[in-house]
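Q: Structure for this input, please:
(2 chains)
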Protein chains: 2
Amino acid sequence: MLKLYDFPGAPNPRRVKIFLAEKGIEYESIHCDITKLEQKQDWFLKMNPSGKIPVLELEDGRHLGESVAICRYLEAICPEPNLFGQDPFELGHIEMRNRQIELELWSQVGTSWVNGPIVSRAGRFTPNLAAKETSDRNVRKYYERLDAELEANPYLAGERFTVADITLLTAIDFAASLVDLKPEDNLAQLWQWHARVSARSSVSAS
Amino acid sequence: MLKLYDFPGAPNPRRVKIFLAEKGIEYESIHCDITKLEQKQDWFLKMNPSGKIPVLELEDGRHLGESVAICRYLEAICPEPNLFGQDPFELGHIEMRNRQIELELWSQVGTSWVNGPIVSRAGRFTPNLAAKETSDRNVRKYYERLDAELEANPYLAGERFTVADITLLTAIDFAASLVDLKPEDNLAQLWQWHARVSARSSVSAS
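A: Below is the predicted model:
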């Protein structure tokens, strides 16, 4: 059986868990306590030299890190339901939407997180408050862009649920719960999309 | 014919141009002057609301932004030579290597670039020098990791040239020429890899 190195509440493992649930793939969850920096210990670095969760362990003992890389492996071994696209344009378009969320939203949420009070209290990082001010502003502005875009389509990449929706949902839920960057109440399209995606059984279970 | 919105020397269009050359796909290059912020003008934002180059224009008039998304489209319309992987594990592994370079190296090169003297002189951004110090250090440390990893394999994802090598090459060339972050001379494996990849006709032409 596949094994997933995981920590409850961590957003990147959550992406993979939603993806696994969409595919109906069974797996064993292995607890990796990131509050104790287990992901930086030698036994973990042998699986993933980047020292990050999630890591997927295959039945033959090989490992994959990086949530989207794990999802691509899963899409290849279990093509249905399709979450990365089918024809060439859709493959490109979904990748574009997924990357926009990662590079334009997640990157900013991450900057606000590492320079925010929770990481700062852990004492492993000197917060850069000017960087956080900029990234907070960028996140709020990006929410407005998304709200406008979601007027045209029920899902981020068009008519159907894809990996890009998983990436956005986990970004918003993390930003709202742990970085104090909840979208404003007046962003109606964004919140309707959020309710639509959150109602999926794959999401409510992860 | 495919059209690529491009600017000479910009690293992300370069990634796509190397990819196109590897595939032997012909295209028309359209000059987008980013020094005049043409990519932020209305006509451009209609193609790519993120306001970034490269953008690929298809023969039917549709557009794709994000360099890796464009490359995925190109891989789908022209599968050989394969640059993203063939079996499920290789698809995941190449994606992981590509993403590590993007998230762990390119992100830091980008931080050093936007907080460095060239962008600062353009006057559109207040540089955050503490952020640049951290990212400079991260880049140099990452070069050392890569040097050690390239001892085991001739290419970043193993025995053959892939999209991950394109991502790394463009990162290093940009960092060395425009961000003052050239790898140290003593990183022999990294420099041998650099010479091996730079000798490809797809690279020397782009």
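
Q: On the C-terminal side of the lowest-mean-pLDDT helix or strand in chain A, identify the next helix or strand.
A: The weakest-scoring helix or strand in chain A, judged by mean pLDDT, DSSP states H and E, is helix A:117-122 (a mean of 84). Counting by DSSP states H and E, the next helix or strand C-terminal to helix A:117-122 is helix A:129-149.

Q: so that next one versus helix B:129-149, what angle?
A: Between helix A:129-149 and helix B:129-149, the angle comes out at 80 degrees (axes from the mean of the first three to the mean of the last three Cα atoms, to 10 degrees).

Q: and helix A:129-149, what does it pack onto?
A: Here helix A:129-149 touches helix A:107-114, helix A:188-198, going by 3 or more Cβ pairs under 8 Å, 6 or more residues apart in numbering or on different chains; DSSP states H and E. Quick note: C-beta positions are derived from backbone N, CA and C, even for glycine.

Q: What is the longest one packed up against?
A: Under the contact criterion of 3+ Cβ pairs under 8 Å, 6+ apart, helix A:188-198 touches helix A:129-149, helix A:163-178.

Q: thinking again about what came up before, export only the CA atoms of the least confident helix or strand of chain A, formatted as PDB.
A: The C-alpha coordinates for helix A:117-122 follow below in PDB (Å, rounded to 0.1, in the frame of the first residue of the first chain):
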ATOM      1  CA  PRO A 117       3.700  35.700  14.800                       C
ATOM      2  CA  ILE A 118       3.400  31.900  14.900                       C
ATOM      3  CA  VAL A 119       6.800  31.200  13.200                       C
ATOM      4  CA  SER A 120       8.300  34.200  15.000                       C
ATOM      5  CA  ARG A 121       7.300  32.800  18.400                       C
ATOM      6  CA  ALA A 122       8.900  29.500  17.400                       C
END
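
Q: Now do that helix: everything it contacts.
A: Under the contact criterion Cβ atoms under 8 Å, 6 or more residues apart in numbering or on different chains, helix A:117-122 has outside partners A:113, A:125, A:127, A:178.

Q: Give me the buried stretch members for that helix, please.
A: By neighbour count on 16 or more other Cβ atoms under 10 Å in any protein chain shown, the buried set for helix A:117-122 is residue A:119.

Q: pLDDT weak spots in chain A?
A: Applying pLDDT under 70 to chain A picks out no residues at all.

Q: need the residues of it near chain B, please.
A: Residues of chain A that fall close to chain B, judged by Cβ under 8 Å from any Cβ of the partner chain: A:49-50, A:56, A:58, A:62, A:64-66, A:68-70, A:72-73, A:76-77, A:87-89, A:91-93, A:95-96, A:99-100, A:103-104, A:107, A:126, A:128, A:130-131, A:134, A:145, A:149.

Q: Can you tell me which of the helices and strands packed on helix A:129-149 is packed in deepest?
A: Among the helices and strands packed on helix A:129-149, helix A:107-114 has the highest mean neighbour count (mean count of other Cβ atoms under 10 Å in any protein chain shown), at a mean of 21.

Q: Now do that helix: everything it contacts.
A: Helix A:107-114 has contacts (Cβ under 8 Å, 6+ apart) with A:119, A:125, A:127, A:131-132, A:134-136, A:138-139, A:142, A:171, A:174-175, A:178-179, A:181, B:107.

Q: Buried only: go through the residues you listed for me.
A: Of the contacts of helix A:107-114, these count as buried by 16+ other Cβ under 10 Å: A:119, A:131-132, A:134-136, A:138-139, A:142, A:171, A:174-175, A:178-179, A:181, B:107.

Q: what domains does the record give for chain A?
A: A:2-77, A:88-200 (automatic domain parsing).

Q: Most distant residue from the centre of chain A?
A: residue A:60 (26.3 Å; Cα atoms, centre = their mean).

Q: separation between it and residue B:5?
A: As defined by Cβ to Cβ, to the nearest Å, residue A:60 lies at a distance of 44 Å from residue B:5.
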